[in-house]
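>>> Sequence unavailable; structure follows:
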């Protein structure tokens, strides 16, 4: 490793260590804050225990899965002499994800009750600060461990011929944990939400978060396991995959192409090493910028939370672009890299704003208006809004890909697209902080309601929560947009890797022509898979919600005094049902996602697999945007009516009931199936990249 | 034209003439049947006049559109010396579509009331026969004019170097009429249906088809303009596109590849001519088989309508396979062609059965069950069923493509896929007959209700109608499956044509590599378009339905005695609103579909256009299957509950109301947006194929 490469890698590693230190500081700061009343404490403990129980039981399932994959990789890569390396790196990538999820979620379950307590003391800025600090633990852990893991591997294996296998295995570890956490957490959170909503509101006629509703604890647990742990694993994976995609392309691209992005006269090997180092270095810079921005956001806590958080999502991208503009010439790298990075960063912000428009502004009012004629028309207009937003967002992704390709010299366009993805994700730490802030505030509101703290407290937590809803939607836009770019880059990396291996084996490189039958067959097979995951996750939520509804009805019928508020509901029974359902139902979609590329690759060969990935990305990116945004729009249409936005149709009116139907449909759409489909396409791409050397010679 | 080619073409032309003669015979037979009471007659006349008024006004819009396209083609192809030919063939293809739609719909609006009269006379077989004969006029016209038009062009231009331009222009004419008819008719029919349902049932509390509902006539008109005229134009286009795709591949494939599908020693030119003739010849054979099967189905009218109609959809495919197996050796053609044809025919039947399973059997009961906990869970389970059915259907399409490719010699796989599409569509005449039978029975039921004919009559029309619902779903499965295969073939034909032109111009052929940035950008752009059409059509239905609801409410408030049944509703006012709304709202999605490939092709070049088509077919095929099947399943879940399938939850219960919500959402899904998206991908492919010579040299 040359001195320059060593320095750049060290910057990334030091940034990640700094991130971890700051995260630990926030963890203990939050833990040391006052916890409020006995009742608040008890409820918070139930939520924490429920969340941790889920995580521990999920980790047991994942341990079995990980051992199986370890064994598969160990034997599959034995022929390449990298069996142990592949297996261990896979475990490393998986472990860091689990570890971040564990610590981050623990912090969130400390922060929720303390945010509620700050609100109880009447201080909105303190409540905001507590929720933000709690979220920052997850945000910083996620970004820091991703960079630390990849940076560490790179530091030790930079000159090793098996660097690619190490990186790809690490990414597969990250991806598969993300897949299961996202789907399992998503099923849990929405089954609990839909189940206790329907049972509580419709069947028994009591409001959400009513202390008598036995589903209340499970609903709050769901926010943690789905929106904190699941989302964290997802974002961690996104960052890992984007960096790995860019590194993989730099590792296998033609030497002359690599040289074309340098302005000074590097040697070919030095140039390649520098190109490989850039993504990890820039991600490290992004983390440093994010840390600074988190502190600035904290300092601005006296201002409107909506303004602070929106700025927190967008400003870091701009700064990262500026930093890159300054640094690239110093490294002798063409500014084309900066432009590609900036295209991604700006594109991410634009997608975020588009998502906000469709899930919080005029289209939401349009959905609310349409509920006047019933839930049928409300559903129709929500579906239409979801579709419109898909067109707009995906169009921006296409524009970013177009620009990131166009600014780069010939042959390096796909490296440009990968750098666009890195740019979109450079602010990961702060995006995830703001994302995790949402469920913490939501939990704080739930605890305040269940503890009967009164309207003033609830008003503060409600304001924080409603800002969280909008930022969650923006975060999802970022996540799916960057996932799409990342998948395009991974896809190209896969084909480069296949041909790299073929050439080394003395075979002609594959020319994957779009009009060849195996590719077209693959395209159709790939188009099926997102629907398979969508269907199975929707069904899973429906089934689990039904089981929860039955249990709640049973408790109301069998526990004397529950209806009158004189007896305690058995919340842990619901937690148990949701946990079991989520863990058993996540297996099928998870296995489909992982086995599909392996099966197609080994049976039909790399051409059909490439076609499959192309079909899956086109269908998966659009379907997940559609589901996420339609769901967000329905959710906010309901809130719009509850806030009195629809004159003459207050909360409880027929229009409001119709809007609740939209929200019910939107719940699994936005938090289970939509994210599940988005992660599906990433997992399949990463798995394909890893197995590329094993299937490269099949035809 | 050699003697053999001449004979084969003549078989196709004679088959089409025979089809027309039989159709005219059915037309006059139906027209001569008794029409029933004065009231029935009056209602039928309103429906007929409303339908014809819509068609005439739609045709005026299409006339302007056609002149614009004529002018564009005239000037665009001037450089190739084929401006007039392209323009005239476009008009020819469009005219035949309009003509078939006109005659077929007129027959359907004669048949509806006569079917009702036969039911009034108590004869179920006669009612079935009348509806079937009425549908056969459309079925035979559609298949016969497609074959006559293409066969005629081929007969005169077989040796002309501009044959391809003639065929492609004809296909674009067929496609664009199909697009507008399908979308315009789809918006009309569902706006009228949803609008009068919601206003009648929810706002005013009167049943569907109640004579007091001012939307009743428009609802019945909608069945004709959407499910008869729109569907007819769609199926006509499918057959045209499948034949043209196969012919186009045969016209441009490498001579050695062409020779490889022949067992005897033809010369290269003779072999190519024979390969080009095969699709049109086999479509002609399919028409002959269909005519025979229509007569057999008529003869079996004493049996259960469900059995007769299901057999009518599946048997012809089998016979066509057998006929091909006998004829191919006589022509010196490899049986590989038969196998590809049979794969398509059998695949179509399997997709039909899968569609029937998901829209009529256990999944429907599952949706009905889920309505017990409200419309939210009912919608969720319907969406899940739609997604599952998409996976199953698209998987079969992929298998058919795989087999059709695998059975053919190397290089001819895509010709095999095109022949698979021809096989799937060979029974077009009878499939469309059964399809048009559905709305005729539906109308018969409506007329019986509006004329107050009593329960015995309604029981017969209801049985015929419910069979029609199932066969409509099967027909849609066929249509989308064949569309997907056709688009794959068209797509390859487009690339072949581009390279054919490039080689003639002395340029290197384009190698469209899947991992090149322009193709990936195109892929994302293509993924947007189905959602754009989906959104705009959903919104159009919503808007138009709202306008209809307002008008119905106005009539009930302002017309004295309407509520008590003492005054006549102003049905024509609703017809007028629906007509205007449908015609104005169809323009945007229609123009998107036609301008997108032109814009992308001329601005970004053929590679991006190819990527766009790939993205559009993956997303469009899956999205349209999803929407069509979810819609069908909701519709039947409602009917399942109405028929007493859900114990303890009769018609009028909360569960039934929840099922009605599903049906309302499903209406535009299955009859407007789903078919609109399916036709979008065909139109874009056909337009791309036509403009291929104009953009081939852009890069």
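Cool, the structure landed. Just so it is clear, the model here is predicted, and its values are computed rather than measured. Numbers count the residues shown, from 1 in each chain, chains lettered A, B, ... in the order given.

>>> count of residues packed around residue A:356?
Residues near residue A:356, counting by other C-beta atoms under 10 Å in any protein chain shown, number 18. The C-beta positions use only the backbone N, C-alpha and C, and glycine is treated the same way.

>>> likewise residue A:284?
Using other C-beta under 10 Å, residue A:284 has 28 other residues around it.

>>> what do you get for residue A:78?
By other C-beta under 10 Å, 12 other residues sit near residue A:78.

>>> and it, how far is that from chain B?
According to C-beta to the nearest C-beta, to the nearest Å, residue A:78 and chain B sit 29 Å apart.

>>> and that residue, what does it touch?
Not one residue lies near residue A:78 by C-beta atoms under 8 Å, 6 or more residues apart in numbering or on different chains.

>>> That one and residue A:165: what is the separation?
Relative to residue A:165, residue A:78 is positioned 12 Å away (C-beta to C-beta, to the nearest Å).

>>> now residue A:368
According to C-beta to C-beta, residue A:368 and residue A:165 sit 53 Å apart.

>>> between those two, who's got more neighbours?
Comparing residue A:368 with residue A:165 by other C-beta under 10 Å, the one with more neighbours is residue A:368, at 27 against 22.

>>> Does that one touch residue A:644 like I think?
No. Here residue A:368 does not reach residue A:644: they are 10.8 Å apart, not a contact under C-beta atoms under 8 Å.

>>> how close does the residue nearest the centre of chain A get to chain B?
Centroid-nearest residue in chain A: residue A:234, 3.4 Å away (criterion: C-alpha atoms, centre = their mean). Noted for residue A:234: a distance of 21 Å to chain B, by C-beta to the nearest C-beta.

>>> and that residue, what does it touch?
Contacts for residue A:234 (C-beta under 8 Å, 6+ apart) come out as A:178, A:181, A:182, A:479, A:675, A:678, A:679.

>>> what's the spacing between residue A:579 and residue A:586?
Residue A:579 is 11 Å from residue A:586, by C-beta to C-beta.

>>> Residue A:329 too?
Here residue A:329 is placed at a distance of 48 Å from residue A:586 (C-beta to C-beta).

>>> and those two? which has more neighbours close in?
residue A:586 (28 against 13).

>>> my guess is the more buried one meets residue A:187, correct?
Yes. With contact defined as C-beta under 8 Å, residue A:586 counts as touching residue A:187 (6.1 Å).

>>> ranges for the strands of the stretch 351-500 of chain A?
For the stretch 351-500 of chain A, no strands are identified by DSSP state E, counting those that start in this stretch.

>>> Residue numbers of it in contact with chain B?
A:370, A:373-377, A:379-381, A:383-385, A:387-388, A:390-391, A:394-395, A:397-398, A:401-402, A:405, A:413-414, A:416-417, A:484, A:488, A:491-492, A:495-496 (C-beta under 8 Å from any C-beta of the partner chain).

>>> Would you enumerate the residues in contact with residue A:176?
Residue A:176 makes contact with A:65, A:66, A:69, A:94, A:590, A:594, A:683 under the criterion C-beta under 8 Å, 6+ apart.

>>> what about residue A:572, how many residues close to it?
16.

>>> And the helix or strand hosting it, what's buried?
With secondary structure defined by DSSP states H and E, residue A:572 is part of helix A:571-585. For helix A:571-585, burial by neighbour count (16 or more other C-beta atoms under 10 Å in any protein chain shown) applies to A:571-579, A:581-583, A:585.

>>> Need the residues you listed in a markdown table (columns: pLDDT and distance to residue A:656).
Formatted as a markdown table, the buried residues of helix A:571-585 follow (pLDDT from 0 to 100; distance: C-beta to C-beta, whole Å):
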| residue | pLDDT | distance to residue A:656 |
| --- | --- | --- |
| A:571 | 82 | 27 |
| A:572 | 85 | 32 |
| A:573 | 87 | 30 |
| A:574 | 87 | 26 |
| A:575 | 87 | 29 |
| A:576 | 87 | 32 |
| A:577 | 88 | 29 |
| A:578 | 88 | 27 |
| A:579 | 89 | 32 |
| A:581 | 89 | 29 |
| A:582 | 89 | 30 |
| A:583 | 89 | 35 |
| A:585 | 87 | 31 |
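
>>> ok, of those, which one's closest to residue A:121?
For those, the closest approach to residue A:121 (C-beta to C-beta) belongs to residue A:571, at 26.7 Å.

>>> which residues touch that closest one?
With contacts defined as C-beta under 8 Å, 6+ apart, residue A:571 is in contact with A:46, A:50, A:214, A:215, A:216, A:217, A:218.

>>> let's see it at 7 Å
A:46, A:214, A:216, A:217, A:218 (C-beta atoms under 7 Å, 6 or more residues apart in numbering or on different chains).

>>> Kindly report the same for residue A:684.
A:593, A:596, A:597, A:613, A:616.

>>> Against residue A:178, how distant is it?
Residue A:684 sits 13 Å away from residue A:178, going by C-beta to C-beta.

>>> Among the contacts of residue A:684, which ones are in helices?
Mapping these onto helices (DSSP state H) picks out A:593, A:596, A:597, A:613, A:616.

>>> Identify the farthest-apart pair in those residues.
Maximum distance among the ones in helices among the contacts of residue A:684 (C-beta to C-beta): 12.3 Å, for A:593 and A:613.

>>> can you pull out the helices in the stretch 351-500 of chain A?
A:362-370, A:375-406, A:413-425, A:428-450, A:455-504 (DSSP state H, counting those that start in this stretch).

>>> Make JSON lines out of those and add distance to residue B:300 and mean pLDDT.
Shown next, in JSON lines, are the helices of the stretch 351-500 of chain A (distance: least, C-beta to C-beta, whole Å; pLDDT from 0 to 100):
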{"stretch": "helix A:362-370", "distance to residue B:300": "47", "mean pLDDT": "92"}
{"stretch": "helix A:375-406", "distance to residue B:300": "39", "mean pLDDT": "94"}
{"stretch": "helix A:413-425", "distance to residue B:300": "60", "mean pLDDT": "92"}
{"stretch": "helix A:428-450", "distance to residue B:300": "63", "mean pLDDT": "90"}
{"stretch": "helix A:455-504", "distance to residue B:300": "53", "mean pLDDT": "85"}
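
>>> Can you name the helix or strand that residue A:662 falls in?
Assigned by DSSP H and E, residue A:662 falls in helix A:654-668.

>>> Excluding chain neighbours, give the residue nearest to residue A:211 in space.
Leaving out its chain neighbours, the residue that sits closest to residue A:211 by C-beta to C-beta, 6 or more residues apart in numbering or on different chains is residue A:450, at 4.7 Å.

>>> The helix or strand hosting residue A:537 vs helix B:517-558, what angle?
Taking DSSP H and E as the criterion, residue A:537 maps to helix A:517-558. Put simply, helix A:517-558 runs at 50 degrees to helix B:517-558, going by axes from the mean of the first three to the mean of the last three C-alpha atoms, to 10 degrees.

>>> Done for today, thanks.
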